[in-house]
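Novice: Just a sequence and a predicted model for now, questions to come.
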Amino acid sequence: MNIPFPDLRPVTPEIIMTLSATALLILELIFKNKGVLAFIGILAAAAVMYIMPASMGETFGGMFISDSYSIFFKFIFIINLILTILISLRYIQRQKAEYGEYYSLLLFATAGMMLMASAKDLIILYLGLELMALSTYILAGIKRHDVKSNEAAIKYFLLGGFSSALLLYGISLLYGMTTTTDIYKIAEHLKATGVTTTLLLSMILIAVAFLFKIAAAPFHMWAPDVYEGAPTSITAFMSVGPKAAGFAVIGRVFYTAFQNIQTDWTTILIGIAILTMAVGNILAIVQTNIKRMLAYSSIAHAGYILLGIIAGTTEGLNAMMTYLFIYAFMNIGAFAIVIILDRGEELSDYEGLAKNRPLVAALMLVFMFSLTGIPPTAGFIAKFNLFTAVIKAGYTWLVIIAVMFSAISAYYYLRVVMNMYMKEMKQEAAIHLSPSLSLAILITVLMVLIIGIMPSMVIG
Amino acid sequence: MLSKLFFGYFAVIMVALSLLVITRRNPVHSVLWMLVLFFHIAGLYLFLNAEFLAAVQVILYAGAILVLFLFVIMMLNIKVEITAERFIGEWPIGVALGLSILMLIYFTTSKLIQGPAGQFSIEAIKAETHTKALGKVLYTEYLFPFEIASLILLIAIVGAIVLAKKRG
Amino acid sequence: MDKYLLIPLLPLIAFTINIVFGKGIIKEKAHWVSILAVLGSFVISASTFTEVLNGKIINYDVYNWIVSGNFRVTIGFLIDQLTAIMLIVVTSVSLLVHIYSVGYMHGDKGYYRFFAYLSLFTFSMLMLVMGNNLLQLYFGWEAVGLCSYFLIGFWYEKKSAADAGKKAFIVNRFGDFGFGLGVIMIFLMLGTVHYSDIFSKVGTLTGQTINILGYNVDLITLIALLLFCGAVGKSAQIPLHVWLPDAMEGPTPVSALIHAATMVTAGVFMVARFNPLFSLSEVAMNVVALTGAITSLFAATIALVQNDIKRIVAYSTVSQLGYMFLACGVGAYGAGIFHLYTHAYFKALLFLGAGSVMHAMAGELDVQKMGGLKKHMPITYITFLIASLSIAGIPGLAGFFSKDEILWLAYNHGMVGKIVWAMGTVVAALTAFYSFRIIFLAFHGKFRGTHEQEHHLHESPKVMTIPLIILAIGAISAGWFGIPAALGGSNAIAHFFEPVLGHPHVTAGHEEEFMVMGISIAAAIGGIFISWIFYSLKPEMPKNLAKKFKRIYITLWNKYYVDELYDFIIVRPMKWLANSILVAVTDGKIIEGIVNGVPQAIRNFSERLRKLQTGQLQHYGLGMALGLFVILALVLIAAGR
Amino acid sequence: MVPLNWYIGLSAVIFVIGMVGFIVRKNILIMLMSIELMLNSVNISLVAFSHYLQDLRGQVFVFFIITVAAAEAAIGLAILVALFKNKAAVHTDEIMEMKG
């Protein structure tokens, strides 16, 4: 029989990513200096970023699609990857977790996310998701001598396994109803057959699994514990990458496969979004650990971003993608500040920081303002853009709720600022500066400010 | 009729085994019940004309995964389990919730409308032998996921080394 | 890059440099950065002013920030006559205050920080006055407020200073809430935030009403009053004036710049800017005029008996701001802005002079403990005297012309005008009295402080006295552009403002104008004379009077008990509510005020919710399963299948 | 011929048993096994669908699921071993350091 060789062009980014990841595993044996590996990782990511725009197309019998939607998400993943590598370099040394596999796993996880964004077939989607998830489980537990890290890994792993079992059950029912796993063919078939309760069940199961990945309430409970226990660089990685990937697949699967039950899933997501915003914002208030606080904050942000999906318009989707793009910078920036401080995990560590380390405090201020959504930072643009899109879609009341919760969020973000600027210093804060970390902070703060001042760069 | 009887036997035994797996105090017993369960599942696959999967089920699941479980259990201290509480305090809620979800799943799936029939009728597969048919699909149409699966296995190896291996 | 952009940009650059490099590299040299920047702004402003004088109006968008449908957020400049004069006021006073601060803040540990904030303030104020749209005005409005809180609380170790900053913040919330609503209303009704569009469309709103709680309210009046709320807060008018006297806890140069010359006049500026809107509503105009007049009288009477030199000047500021609103309320926007402009110089001078005195007295503020400073601080004395003469309205000095213009135009504005004119004249007498009370108590007579203080007395350094001298020149000459026709002048400034602010039509002749002028001059001289009798000739008289009219004296001394009133009607009930209701819910925890109450309630809720996050995996799994079940059940019920 | 619904029912029962096992058991190993149970129930339904729909995709999917399950088990057990080395804990109530 004659098998045509598949067109590899659309998958080149993924191929480079996985090849580099594999190469890193081997190079790890050669180089004692793990910084070299990080450098190679960044090079690979940059190369991927460079060739990505040219990778448009479908391949592997239509299982894999590289369109502008997926390419935008892949950009977010790559940026996330590069920034994470930059902030990890010294940090993992300090944490005594400097294994060469660390970088390799980061690359694999990113490859997984890229596959998710490009998946046109549920099998690819599932495998991409597992590739990402399994790598992240290991990364969360990579400080293997640290009990908290172990705890984070095991919690993430078990609940992640649980959620992917739900996903599989949903997919299996969908397969039984349509005899296919291709997302677009499913949509076609479902249009013809109409709505059944089985379809609703399968949609809900799949939704739960995706909502778990983006840490939406009530499937969020893993997030605070895992974010707190994982190494901070990985927390930064997890708070952006898997979340963005989750949104990518929600956008793709729900808008295509479940198009004919859009009213049903919109209703569900509205409830989830409100609950998520409430839980994230309200619980963040009482946190004393900044990583935990940022975990709840990322839950709250997931709630806002869901509004973009709910809007159901192209504008809403675009706003959601822009939000994620901006969120990547401001969130990783905030984590980078946590990393730069020798002791920066407790909120009390920030007391009087402005007197001691004015620059660090000012940078943190920018990120906190941005997360709150205060102009002229990128966070404001993100929220503004999203909320206008949602209002145009006719959900004004939902935006009012979101703005209300957003106001509550000022309370805990600005508490960090208050601690830095209004409180007396307890002791000198030592910092660990390294060129790569400085570069990461520079990139993030510049992006946050530039987007904030010149939003036309990303909007439209 | 005979097939229904056959299925009935499998179903009853499998449900019972599953219950045993999740209720045994000693994890070693759980693993062993699970082993039996997996053999039954393999039997069911045979019943559904999926010979290759049945073999995989026995070799991979029963042979590899469960043995791994056993290894780990032996490494860990199982004596604790004998004295410790098996279930969380809220177990009745969990069971009630499980039953309610089962009910809902039953109501919803009972109205399932099957998708259109594909091209691999049982006769067609039998003519080609199951393993060959599956292999062809796997290495042509599903080449890409196959490669990804290999990456996942690679990750598993790397992960196990990173997390569990002793280093200097 | 065009030069207009540089006007606000230079101070912003100075701020950035100082805040980044101030602590490590620049340190004691921080003032150079800021002074050079503000000097640059001043020079460009001056050249811009001459352009405007030659009839050029600049209105353009610098940068489109967000464009979303018909909602455009832009940064744009509108430089017309009104803005041009504001530019001169802001940059010149700011420049002098910057120079003065070099001496005044010398050796302070937050030296670089102080200059950074001053520059930031200057930037914000310039953005406020230069904006060509409402949102930029709003941004500047909040930004100057923020800088003001920072600077009031500059010595945050001092509890009173920190409290004053907080008070200013909270009181301004009330005003800004109304202002924000006004901005939103304008956008909703007119679909634009650009001045030019607003003013061209505002006529379409005449006669429209909006139903609020069953009453039909005139739309324009409502919008105007909402905007005026903001002005009341920012410009410290009754009833939101309470924050300004307390703001004197900040460093004196700050009081001179922010709380006398620039920020507090933003309210007046805003009302003048929106004159096409305000003029359409007689009700709103009358409210503005009466609020101004009442505030003016009210604050002047309080100033009569205060002993804290800065507080006297602060109440004087409140009073003079009332004057400006009075002017706007009678349609004499030009006169109001004219007064704003002359007031900036003599009031800044008064503050800086007071600062110079404080500097010599090692921080002493009580005028009763001063005396005879004339011979120790001649320059301060002379400049202070000039400022006092100017504010009192002695002919020939700046204050006379602007005040006279206001009173004359008020006199010609019908019934309401007559009332506010009468009040304004009384205020003129009171102003002369309390201004000279300071002169006689502080600079004449014998020194009444301790020996140590007397020994320490000295004239301030040149870097402080030179700004005083320059301001004194301003306090004398600033009014010469506005010499009325009755006195043979051309009233150039009124003609200058006419294109933007209009000029009320006056029918009465010069005789009447001479009469009004004569009355106000008599009031001023009378005030000075009585002051001389009280505090120089017969020093025991005020005490006797105070005894005789004890009740009035104590009422004035306690500033009409407004703070106490607020404490009684707002703060206490809030506390009571919080204590009696919330305590019952939250197990006896004492909660202070509603400000802490709501966050606390959320916190308590949060603490409870937090208990669900037990840390045990099964509970997390249970949560997920429960979520799945609830969603599934709800969807199936909703689907009815 | 056995109706397809029977298989779906069997699969649902085993799935829910696995889910309940995950929720109520404190032993991490048993929780892992519960996840395996759930995955197997999915496999049963996929194979059944595959058989009744005369389509091989379901079986291919099962193949991948088994692969992933193996990888998952390996990683899970490795994490567990790492945890055990530090804390000697195999019960979830022993790993509750982070909460709130």
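Specialist: Sure, I can see it. Just so it is clear, the model here is predicted, and its values are computed rather than measured.

Novice: The helix ranked longest in chain C near chain A anywhere?
Specialist: Counting by DSSP state H, the longest helix found in chain C is helix C:159-190. No. For helix C:159-190, no contact with chain A is found by C-beta under 8 Å from any C-beta of the partner chain; the gap never falls below 8.9 Å. To be clear about C-beta, it is placed using only N, CA and C from the backbone, and glycine gets the same treatment.

Novice: name the helices or strands packed onto that helix?
Specialist: Contact analysis of helix C:159-190 by 3 or more C-beta pairs under 8 Å, 6 or more residues apart in numbering or on different chains; DSSP states H and E lists helix C:134-152, helix C:195-201, helix C:219-234, helix C:243-246 as its packing neighbours.

Novice: Contacts for the helix or strand containing residue B:127, please.
Specialist: In this structure, residue B:127 sits in helix B:122-128 according to DSSP states H and E. Here helix B:122-128 makes contact (C-beta atoms under 8 Å, 6 or more residues apart in numbering or on different chains) with B:49, B:133, B:136, D:51, D:54, D:56.

Novice: same thing with stretch C:527-542?
Specialist: By C-beta under 8 Å, 6+ apart, the residues outside stretch C:527-542 that reach it are C:392, C:428-437, C:439-441, C:444-445.

Novice: what do you get for stretch A:68-78?
Specialist: By C-beta under 8 Å, 6+ apart, stretch A:68-78 touches A:13, A:45, A:48-49, A:52-53, A:55-56, A:110, A:113-114, A:117-118, A:240-241, A:244-245, A:247-248, A:251-252, A:321, A:324-325, A:328.

Novice: which of the residues you listed are buried?
Specialist: Among the contacts of stretch A:68-78, those classed as buried by neighbour count (16 or more other C-beta atoms under 10 Å in any protein chain shown) are A:13, A:45, A:48-49, A:52, A:55, A:110, A:113-114, A:117-118, A:240-241, A:244-245, A:247-248, A:251-252, A:321, A:324-325, A:328.

Novice: Mind checking which of these are in helices?
Specialist: Counting by DSSP H, those place A:13, A:45, A:48-49, A:110, A:113-114, A:117-118, A:240-241, A:244-245, A:247-248, A:321, A:324-325, A:328 in helices.

Novice: Packing partners of the host helix or strand of residue A:408?
Specialist: Assigning secondary structure by DSSP H and E places residue A:408 in helix A:396-422. Here helix A:396-422 touches helix A:262-285, helix A:290-311, helix A:353-356, helix A:358-372, helix A:378-392, helix C:593-610, going by 3+ C-beta pairs under 8 Å, 6+ apart.

Novice: rewinding a little: of the contacts of helix B:122-128, which belong to helices?
Specialist: Judged by DSSP H, the contacts of helix B:122-128 include B:133, B:136, D:51 as members of helices.

Novice: care to break chain B down by domain?
Specialist: For chain B, automatic domain parsing gives the domain ranges B:1-114, B:116-168.

Novice: can you list the residues of chain C near chain A?
Specialist: By the rule C-beta under 8 Å from any C-beta, the part of chain C lying against chain A is C:19-20, C:23, C:64-69, C:71, C:156, C:599, C:602-603, C:605-607, C:609-610, C:613, C:615, C:617, C:619-621, C:623-624, C:626-628, C:631-632, C:635-636, C:638-639, C:641.

Novice: Could you turn the buried ones of the residues you listed into a PyMOL selection?
Specialist: This is the PyMOL syntax for the buried subset of the residues of chain C next to chain A, where burial follows 16+ other C-beta under 10 Å:
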select buried, chain C and resi 19+23+65+66+602+603+606+609+610+613+615+617+619+620+621+623+624+626+627+628+631+632+635+636
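
Novice: The residues of chain C next to chain A in strands, which ones?
Specialist: The members of those that map onto strands under DSSP state E are C:64-68, C:71.

Novice: quick check, nearest of those to residue A:453?
Specialist: Nearest to residue A:453 out of those is residue C:65 (C-beta to C-beta; 7.5 Å).

Novice: thinking that closest one is in contact with residue C:74, fair?
Specialist: Yes. Counting by C-beta atoms under 8 Å, residue C:74 is a contact partner of residue C:65 at 6.2 Å.
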